[in-house]
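Q: Take this sequence and fold it.
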Amino acid sequence: MLDALSDRLQTTFKRLGSRGKITEEDLDVALREVRVALLEADVNFKVVRDFIGRVRERALGADVTQSVTPGQQIVSIVNQELVEVLGGDSEPLRTASSGPTKILVCGIKGSGKTTLCGRLAQRLKRDGMKPMLVSTDFERLAATEQLQVLGRQIDVPVYFEEREAPAAEVGKRALKEAERLGVNAIIVDTRGGVALDDALADELAALADEIDPIEVLIVVDAMTGQEAVTLAKEFDEAIEGTGIVVTKLDSDTRGGAVLSVREVTGLPVKFITTGERLEALEDFHPDRFASRVLGMGDIVSLVERAQQTMGERNVEDVARRMKTGQFDLEDFLQQLDQLRQMGPLSGMLDMIPGMAQLKDKAQIADMNEAFLNKSEAIIQSMTIEERRNPDLLNGSRRRRIAGGSGTTPADVNRLLNQYREAKKLMQAMAGGKGGGLRRMLGF
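A: From the prediction side, this is the model:
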């Protein structure tokens, strides 16, 4: 996410850090580059203007130009100001102290509202609650069907009506059904639109009045940039939102929406989504996100994600095997499904301090779903002995494996090269300088 912005900022700060001291003119040149980088990332121009002004004021006030480490001090100031722009402290999803927790999800058409409803239901179920999904969207074809599929996938009841009715009336009947089923969390999907017209605003306001939600989440599609931020503000003014969810941050997008939406709307970003799987829902932490943007990593989120998808004991076992060099292709095969649940591998590298710039070297940016499927086929075509000792794979064995997996010898060679490079990085993370993952997991 935001790779182009991150790369541009890191280059700027690295150039500053190479100087013993900098002048006020050097600072202004660097801040102009930061300004351009933020604008190119589609960050709201008023947010950029105020942000640059605060950074410059703090940098001069801290007498950075007289410091022996000006680059580091400027990075620190930029990091602190980014955290403030993003909201300061994280604000988790609220739950009701009595009665069911009611969540209303709204946003423009195609922003990912329905999928988000399923993700929230899965999250609440994982946390021990009994959620129910509700469909009030009669306009989009297959909206109800999509919600039903999600409900079956995560084993959560879905309330819907065959005949079109006002959303507020559907919501009222859904509350009675929730009481009958004994659920304690109700997530309501709503109709979207290309824009927020008066009819949609009135419909959402009536629905909100009827169900009285504790959370009104406005979905912002990162791919639509500042237009999404403007619409989020309009939704908030119409129905009084309580939080923002930024979707599709894993896409090929500039991502400036997530850096603008808090300042423009005043609402906290509560979640971001970075993949297509239901598990790809992240709690938003401004400090961690700012660290990722600046290339400083987010190891806390990485460990949390690994523990959620792999289990803490499994994480420790894998880390021990990586440290001792025992992590082989058989281990890799066993972890493929869990890696898929953790999200894009290139995104995980962004969470490791200092690793983002090594993605190209390890070719890990290419390790997408297609890569994982092909890798699985190749490894399954090997014998157990070959998986445990890849050094046995000479030319004839590689040709046999390629034929058995429906791939080419070049594909097999590419997998082995990527595996070896990735193994080096994982070993460094697990047991390298400072203890890496092993030290953070406390063993």
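Q: can you give me the strands in this structure?
A: Per DSSP state E, the chain carries strands over the ranges 101-107, 131-135, 158-159, 185-189, 215-221, 243-247, 269-273, 281-283.
Q: What pLDDT does the model give the residue lying closest to residue 379 once chain neighbours are set aside?
A: Leaving aside its sequence neighbours, residue 379 sits nearest to residue 333 (C-beta to C-beta, 6 or more residues apart in numbering; 4.5 Å). No exception for glycine: its C-beta is placed from N, CA and C like everyone else's. pLDDT, residue 333: 72.
Q: Tell me how far residue 333 lies from residue 382.
A: Distance from residue 333 to residue 382, counting by C-beta to C-beta, to the nearest Å: 9 Å.
Q: ditto for residue 91
A: Going from residue 91 to residue 382 by C-beta to C-beta gives 48 Å.
Q: Which one's more surrounded, these two?
A: Comparing residue 91 with residue 382 by other C-beta atoms under 10 Å, the one with more neighbours is residue 382, at 23 against 17.
Q: Name the nearest residue to the more buried one, ignoring sequence neighbours.
A: Per C-beta to C-beta, 6+ apart, closest to residue 382 is residue 401, 5.7 Å.
Q: what do you get for residue 38?
A: Nearest one to residue 38, counting by C-beta to C-beta, 6+ apart, is residue 48 at 4.6 Å.
Q: Now do the contacts for the one you found.
A: Residue 48 makes contact with 35, 38, 39, according to C-beta atoms under 8 Å, 6 or more residues apart in numbering.
Q: Put together JSON lines for these, with distance to residue 230 and neighbour count on each row.
A: Shown next, in JSON lines, are these (distance: C-beta to C-beta, whole Å; neighbours: other C-beta atoms under 10 Å):
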{"residue": "35", "distance to residue 230": "21", "neighbour count": "17"}
{"residue": "38", "distance to residue 230": "18", "neighbour count": "26"}
{"residue": "39", "distance to residue 230": "16", "neighbour count": "16"}
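Q: Among those, find me the one that's closest to residue 5.
A: residue 38 (7.1 Å; C-beta to C-beta).
Q: what about the stretch 251-400 of the chain, any weak spots by pLDDT?
A: 251-255, 295-326, 334-369 (pLDDT under 70).
Q: Please repeat the previous calculation with a cut-off of 50.
A: Scanning the stretch 251-400 of the chain for pLDDT under 50 picks out the ranges 298-299, 313, 358-359, 361-362, 365.
Q: Would you mind splitting the chain into its domains for me?
A: The record's domain parsing of the chain by automatic domain parsing lists 3-85, 101-293, 299-441.
Q: Find the residue at the geometric middle of the protein.
A: residue 274 (3.5 Å; C-alpha atoms, centre = their mean).
Q: ok, that one to residue 244 distance?
A: According to C-beta to C-beta, residue 274 and residue 244 sit 15 Å apart.
Q: Just the pLDDT at the residue nearest to residue 38, thanks.
A: So, for residue 48, pLDDT stands at 91.
Q: Residue 152: neighbouring residues, count only.
A: 11.
Q: What's the separation between the residue sitting furthest away from the middle of the chain and residue 386?
A: Distance from the C-alpha centroid of the chain peaks at residue 396, with 42.2 Å (C-alpha atoms, centre = their mean). According to C-beta to C-beta, residue 396 stands 12 Å off from residue 386.
Q: cool, residue 116 as well?
A: For residue 116 relative to residue 386 (C-beta to C-beta), the value is 43 Å.
Q: more neighbours, those two?
A: residue 116 (23 against 20).
Q: isn't that one right next to residue 248, touching?
A: No. With contact defined as C-beta atoms under 8 Å, residue 116 does not count as touching residue 248 (10.8 Å).
Q: shared neighbours of the two, anything?
A: Here residue 116 and residue 248 have residue 273 as joint contacts, going by C-beta under 8 Å, 6+ apart.
Q: can you map out the helices along the stretch 251-400 of the chain?
A: 256-265, 286-293, 299-310, 312-323, 329-342, 345-350, 359-362, 369-380, 384-388, 395-405 (DSSP state H, counting those that start in this stretch).
Q: From the contact counts, what lies against the first one?
A: Using 3 or more C-beta pairs under 8 Å, 6 or more residues apart in numbering; DSSP states H and E as the contact test, the elements touching helix 256-265 are helix 45-61, helix 70-85, strand 215-221, helix 226-239, strand 243-247, strand 269-273.
Q: got those as JSON lines, with distance to residue 144 columns?
A: JSON lines is the format used below for the helices and strands packed on helix 256-265 (distance: least, C-beta to C-beta, whole Å):
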{"stretch": "helix 45-61", "distance to residue 144": "38"}
{"stretch": "helix 70-85", "distance to residue 144": "38"}
{"stretch": "strand 215-221", "distance to residue 144": "18"}
{"stretch": "helix 226-239", "distance to residue 144": "22"}
{"stretch": "strand 243-247", "distance to residue 144": "20"}
{"stretch": "strand 269-273", "distance to residue 144": "22"}
